[in-house]
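**Q** next one to model:
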Amino acid sequence: MVSAVDQKNKTFTISGKEATRVFKVTDKTSIMKGAASGTMKDIVDNEEVSGAYWKNSDGTLEAKFVKLGPMEKKTPTATPKPSTTPKS
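**A** Predicted structure coming up:
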């Protein structure tokens with residue numbers, strides 16, 4: 001969950017249970033909002049996000065891609081049922 005956004009510096013902050021991390025959005029960052037492309041302006045406080053990042057040599061975190069919105073729930077696949085025929 002995004003806890004802060006700095007549109008001027010193109011960063012957003014995620015506060016986790018154990019750590020708070022600040023991610024930099026660059027020209028290389030791919031932002032998706034649902035099935036459409038998004039922009040830095042689409043990243044807002046209290047937005048659910050997922051994605052990936054690079055850790056730069058200076059310790060900063062650069063967003064590789066950002067997906068806005070709740071994580072998709074995978075539909076459960078049918079689990080094979082045990083065979084009812086007895087083994088001979």
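
**Q** which parts of the protein are strands?
**A** Counting by DSSP state E, the chain has strands at residues 2-6, 11-15, 20-24, 30-33, 36-37, 49-55, 61-68.

**Q** list the neighbouring strands of the shortest one plus their orientation.
**A** Read it as strand 36-37. strand 30-33 (antiparallel) (DSSP bridges).

**Q** may I see the strands of the chain arranged in JSON lines, with mean pLDDT as well?
**A** Listed next are the strands of the chain as JSON lines, based on pLDDT from 0 to 100:
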{"stretch": "strand 2-6", "mean pLDDT": "96"}
{"stretch": "strand 11-15", "mean pLDDT": "96"}
{"stretch": "strand 20-24", "mean pLDDT": "97"}
{"stretch": "strand 30-33", "mean pLDDT": "96"}
{"stretch": "strand 36-37", "mean pLDDT": "94"}
{"stretch": "strand 49-55", "mean pLDDT": "96"}
{"stretch": "strand 61-68", "mean pLDDT": "97"}
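
**Q** how about the ones you listed in CSV, adding distance to residue 43 and mean neighbour count?
**A** Backbone N, C-alpha and C define where each C-beta goes, glycine included. Below are those laid out as CSV (distance: least, C-beta to C-beta, whole Å; neighbours: other C-beta atoms under 10 Å):
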stretch, distance to residue 43, mean neighbour count
strand 2-6, 6, 16
strand 11-15, 5, 17
strand 20-24, 9, 15
strand 30-33, 7, 16
strand 36-37, 13, 10
strand 49-55, 7, 14
strand 61-68, 7, 18
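
**Q** so what's residue 23 up against?
**A** 11-14, 53, 61-63, 66 (C-beta atoms under 8 Å, 6 or more residues apart in numbering).

**Q** who does it bridge with?
**A** residue 12, residue 61.

**Q** so how far is residue 62 from it?
**A** 7 Å (C-beta to C-beta, to the nearest Å).
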